[in-house]
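Engineer: give me a 3D structure for the following:
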Amino acid sequence: MKEAVTPAGSVTDTYAAGLLRTMLEIPSPSYQEHALGHHLVRTMTDLGFQAHTDTTGNTVGVIGRGNGPTLMLLGHLDTV
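Structural biologist: Now for the predicted structure:
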């Protein structure tokens, strides 16, 4: 696999496109998102996040980058 992170610490475009493609290839109909969530936990962990699946099945990743604003992204994993 290509390098995930540039020397400046940014995720490469190639890595991001590959991650998106992989996410779309993992079946994730409603109430059956476990495989995709597990894949994202592994991916986020590899990228330096503290990642886990919570008790309700949500995929959670946290990373600290010093002082500054906090950003939260919230979305759905299920696809039809």
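Engineer: tell me the centre residue of this structure?
Structural biologist: L40 (4.1 Å; C-alpha atoms, centre = their mean).
Engineer: ok, now how distant is the residue lying closest to it once chain neighbours are set aside from P7?
Structural biologist: Distances taken as C-beta to C-beta, 6 or more residues apart in numbering put T59 closest to L40, at 5.0 Å, once the chain neighbours are dropped. Yep, even glycine has a C-beta here, placed from its N, CA and C like the rest. T59 sits 28 Å away from P7, taking C-beta to C-beta, to the nearest Å as the criterion.
Engineer: the residue nearest to L40 pairs with what?
Structural biologist: The partner list for T59 in beta bridges (DSSP bridges) reads T53.
Engineer: ok, it - how many residues close by?
Structural biologist: By other C-beta atoms under 10 Å, 20 other residues sit near T59.
Engineer: coming back round to it: what separates the one helix or strand the residue nearest to the centre of the chain maps to from the chain centre, distance-wise?
Structural biologist: Under DSSP states H and E, the secondary-structure element containing L40 is helix 34-46. Centre-to-centre, helix 34-46 and its host chain are 6 Å apart (C-alpha atoms, centre = their mean, to the nearest Å).
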